[in-house]
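>>> What follows is a protein structure lacking sequence information:
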């Protein structure tokens, strides 16, 4: 399952994206990671413009706009971890 858009995929449909932390922590080899859709189509999945071949999206009570905001927040939190 993608950590950003909460879309489920079989097999290789989700990949671990890693980044070295900024500054000394990164130079020391520290990194952070997040599981994302391999095709990087999170925004399309959240908006219902793309349907995964297998797997799917969880039924939610949030509006599409709220799901978009959540996805942006999760991506921003990942970037904050990289830059911290």
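Structure's in. What do you need? Being a predicted model, the structure only gives us computed values, none of them experimental. Numbers count the residues shown, from 1 in each chain.

>>> ok, which stretches of the chain are helices?
Applying DSSP state H to the chain gives helices spanning 23-27, 42-47, 64-83.

>>> Reformat the ones you listed as CSV; add mean neighbour count and mean pLDDT.
All C-beta atoms are positioned from the backbone trio N, CA, C, and that covers glycine. CSV is the format used below for the helices of the chain (neighbours: other CB atoms under 10 Å; pLDDT from 0 to 100):
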stretch, mean neighbour count, mean pLDDT
helix 23-27, 12, 94
helix 42-47, 20, 96
helix 64-83, 14, 97
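
>>> Just send those helices back as TSV, with distance to residue 55 too.
Shown next, in TSV, are the helices of the chain (distance: least, CB to CB, whole Å):
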stretch	distance to residue 55
helix 23-27	33
helix 42-47	10
helix 64-83	17
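
>>> which stretch among these comes nearest residue 1?
The closest approach between residue 1 and any of these, judged by CB to CB, belongs to helix 42-47 at 11.3 Å.

>>> so what does that closest one touch, helix or strand wise?
Applying 3 or more CB pairs under 8 Å, 6 or more residues apart in numbering; DSSP states H and E, one finds that helix 42-47 makes contact with helix 64-83.

>>> quick one: contacts of the helix it packs on?
Helix 64-83 is contacted from outside by 3-5, 19-22, 32, 34, 42-43, 46-48, 60, 62, using CB atoms under 8 Å, 6 or more residues apart in numbering.

>>> Also stretch 27-38?
1-5, 7, 9, 12-21, 42, 45, 74, 78, 81-82.

>>> Just the buried residues of that stretch, please?
For stretch 27-38, burial by neighbour count (16 or more other CB atoms under 10 Å) applies to 32, 34, 36, 37.

>>> can you count the residues close to the closest residue in space to residue 55 that isn't next to it in sequence?
The shortest distance from residue 55 to any non-neighbouring residue, by CB to CB, 6 or more residues apart in numbering, is to residue 8 (3.8 Å). Residues within reach of residue 8, counting by other CB atoms under 10 Å, total 15.
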